[in-house]
Every structure is written in C-alpha cells, then in structure tokens.
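sequence and predicted structure are below.
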Amino acid sequence: MNNSFITEEDSSLSTLPMRLTDKKYFDVKFRFGKVAVMEDDKNDQCVLKFDYEILDSTDKYTHQELENSNNFRKHIGDVLADYLSSGNIFEIGKLKEKS
C-alpha cells in the first residue's frame, strides 16, 4: 500500500511532521510520538503501536473527529508502516536514509 504524504521540517518539534496528500485526509498535518514494534508470537507477526498528535486539521474534519476516528488511526498506521518499510528512519529534526 502506498500512502500519500510529505514530510515537513519544523525545528520547534522533536519529531518529523507529516502532511497527508491523499484525497480523504488531504492537508491534515500530524506527527508521530512514541513508536514501538510489538511481536505477536501467537500469530507470527508484528504490530505497530504508536502515539500521534494532530497538528493541523482541515475544514473537512475537526481535531476531535480525527482523534476519535479508527479509520484515521488505521490510515496513519499504514502511512507509518509504508514509511518504515521504505528504508527511511526517523532522526530528530532530520530524515535519514537507512545505510
């Protein structure tokens, strides 16, 4: 799955802000907080656990609607999975290619 987003630099934040560019959540800006990969030995898979903060919503959705939306959480979880599987890693204030 390829999700549409761009990263934005913001030196006042400790994590990299992302702005969604797909149709459904176009221009919603958020950032991830704590991210963890949890092993699910029973099902032989890994699960991403993450916190996030909505930085800017749009006229289409309020902050509260996005925070309460399981669909939005799943969507940005897919964004995170795509981002991590692309070989990129997070570094405070920078985007760094995996070596």
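Yes, it's here.

okay, now residue 37: neighbour count?
A total of 10 residues lie near residue 37 under the criterion other C-beta atoms under 10 Å. For glycine as for every other residue, the C-beta is placed from the backbone atoms N, C-alpha and C.

likewise the one 3 residues further on?
Residue 40: 9 surrounding residues under other C-beta under 10 Å.

identify the bridge partners of the spatially closest residue to it that is not a sequence neighbour.
Among residues not flanking residue 40 along the chain, residue 47 sits closest, at 5.5 Å (C-beta to C-beta, 6 or more residues apart in numbering). Judged by DSSP bridges, the bridge partners of residue 47 are residue 38.

can you count the residues close to residue 47?
Count around residue 47 with other C-beta under 10 Å applied: 11.

for it, give its distance to residue 73.
According to C-beta to C-beta, to the nearest Å, residue 47 stands 13 Å off from residue 73.

could you do residue 42 as well?
Relative to residue 73, and taking C-beta to C-beta, residue 42 is found at 23 Å.

who's more crowded, the two?
Neighbour count, other C-beta under 10 Å: between residue 42 and residue 73, residue 73 has more, with 14 against 6.

so where does that one fall, helix or strand?
Applying DSSP states H and E as the criterion places residue 73 in helix 70-85.

show me which positions of that helix end up buried.
For helix 70-85, the neighbour count (16 or more other C-beta atoms under 10 Å) marks 72, 75, 76, 77, 79, 80, 83 as buried.

tell me what it is packed against?
Packing contacts for helix 70-85, counted by 3 or more C-beta pairs under 8 Å, 6 or more residues apart in numbering; DSSP states H and E, involve strand 17-20, strand 29-40, strand 45-56.
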